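> heads up, no residue letters with this:
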């Protein structure tokens with residue numbers, strides 16, 4: 001069944017479909033994010049007891065061995081509580097900005113899609129991602145064993161972490177690194193949405209279809225999802241270091257301090273720490289997100305009479 005071109009999908013549909021996609025994506029891919037954060041926070045290359053360098057899977061196995069399997073899910077509560085509104089805001093704001101940038105006939109250029117993605121990424125960063133990311137990173141950075149009930153961490157869960165951070169460091173601490181978070185999310189979504197929309201348009205034209213099957217949304221989402229991490233890895237590493245720290249000072253001074261420390265003490269390659277797990281986290285995450293989003297949106301369009 002093709003979509004009636006005269007009927008537009010309401011923003012509420014994008015809001016609900018985006019939220020559903022975020023929930024499924026978080027539950028599926030969170031362990032990869034925990035490994036990425038641990039690799040980014042490591043001041044020296046992670047190694048095993050024999051001195052051998054640990055890669056992505058090695059770091060993951062070390063977390064499981066020392067902290068139990070559930071150690072891979074540290075910070076999931078913060079992610080789930082934030083990712084549903086994050087994805088809802090991402091997709092609904094993208095569609096809203098896209099409609100504002102459409103020409104008089106309703107067509108949206110590739111440039112307009114890029115700027116709509118840029119604006120959507122900035123919006124989600126300021127409204128949700130900044131505080132959520134900081135809480136998640138503080139939880140993921142803790143190296144306590146979740147199999148040992150006597151090993152009590154500083155931050156017990158997402159609400160306790162938020163309360164403790166605000167009590168000890170002030171409310172503004174939740175927004176540490178928010179500028180870099182906004183820059184990361186903006187470049188992520190600009191690259192992500194532009195690549196996905198263009199590939200989707202080409203695939204539909206090539207096959208003569210009104211809508212693509214779910215497996216193709218999965219593939220295109222995975223390819224487009226890899227674009228962001230490849231373009232902004234240093235931003236993400238610096239942001240993670242700033243958010244993990246509880247040091248005070250202006251955002252600019254923290255940026256200079258962390259950037260200098262990484263460059264002079266660890267070398268330029270350190271800016272790309274965690275790139276592999278980030279790719280392995282973001283690409284499948286976006287694949288799942290776009291597939292679920294497109295499917296839920298299609299169901300809601302049928303339910304509301306848009307299709």
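Perfect, thanks for sending it. If you're wondering where the values come from, they're calculated on a predicted model, not measured in any experiment.

> Could you count how many residues lie near residue 119?
Burial of residue 119 is recorded as 20 neighbouring residues (other Cβ atoms under 10 Å). For the C-beta atoms, the positions are set from N, CA and C on the backbone; glycine is no exception.

> Quick check, it in contact with residue 96.
No - here residue 119 does not reach residue 96: they are 9.0 Å apart, not a contact under Cβ atoms under 8 Å.

> Next, show the common contact partners of those two.
Where contact means Cβ atoms under 8 Å, 6 or more residues apart in numbering, no residue is in contact with each of residue 119 and residue 96.

> How about the contacts made by residue 277?
Neighbouring residues of residue 277 by Cβ under 8 Å, 6+ apart: 32, 33, 35, 36, 39, 56, 59.

> element containing the closest residue to it other than its chain neighbours?
In this structure, residue 277 finds its nearest non-sequential neighbour in residue 36, 3.9 Å apart by Cβ to Cβ, 6 or more residues apart in numbering. Using DSSP states H and E, residue 36 sits within helix 11-41.

> Tell me what angle whichever helix or strand comes after that helix forms with helix 11-41.
Note on helix 11-41: by DSSP H and E, the next helix or strand toward the C-terminus is helix 56-67. Going by axes from the mean of the first three to the mean of the last three Cα atoms, to 10 degrees, helix 56-67 is angled at 80 degrees with respect to helix 11-41.

> So which other helices or strands are in contact with helix 56-67?
Helix 56-67 sits against helix 11-41, helix 275-304, with contacts defined as 3 or more Cβ pairs under 8 Å, 6 or more residues apart in numbering; DSSP states H and E.

> out of those, which comes closest to residue 140?
Comparison of the helices and strands packed on helix 56-67 against residue 140 by Cβ to Cβ identifies helix 11-41 as nearest, at 4.5 Å.

> That closest one: how far from the chain's middle?
6 Å (Cα atoms, centre = their mean, to the nearest Å).

> Which parts of the stretch 51-200 of the chain are helices?
With DSSP state H, counting those that start in this stretch as the criterion, the stretch 51-200 of the chain has helices at 56-67, 76-101, 110-124, 130-141, 158-169, 178-207.

> about what we covered before: which positions within the helix holding residue 36 qualify as buried?
13-26, 29-41 (16 or more other Cβ atoms under 10 Å).

> and residue 220, what does it touch?
Contacts of residue 220 (Cβ under 8 Å, 6+ apart): 196, 199, 200, 203, 212, 290.

> Closest to residue 224 out of those residues?
When the contacts of residue 220 are compared for distance to residue 224 (Cβ to Cβ), residue 196 wins out at 3.9 Å.

> how close does the closest one sit to residue 71?
Counting by Cβ to Cβ, to the nearest Å, the gap from residue 196 to residue 71 is 33 Å.

> cool, and residue 177?
24 Å.

> Of the two, give the one with the bigger neighbour count.
Using other Cβ under 10 Å, the more surrounded residue of residue 177 and residue 71 is residue 177, with 26 against 23.

> Just the element for the residue nearest to the more buried one when sequence neighbours are not counted, please.
Among residues not flanking residue 177 along the chain, residue 242 sits closest, at 4.1 Å (Cβ to Cβ, 6+ apart). Element membership for residue 242 (DSSP H and E) is helix 227-244.

> circling back: and of the helices and strands packed on helix 56-67, who's closest to residue 189?
helix 275-304 (10.1 Å).

> Surely residue 29 touches residue 278?
No - in this structure, residue 29 is not within contact of residue 278 by Cβ under 8 Å, at 11.0 Å.

> so where's the chain uncertain?
Within the chain, the stretches with pLDDT under 70 are 1-7, 146-149, 307.

> Residue 215: what secondary structure?
Judged by DSSP: H, G, I helix; E, B strand; the rest coil, the three-state class of residue 215 is helix.
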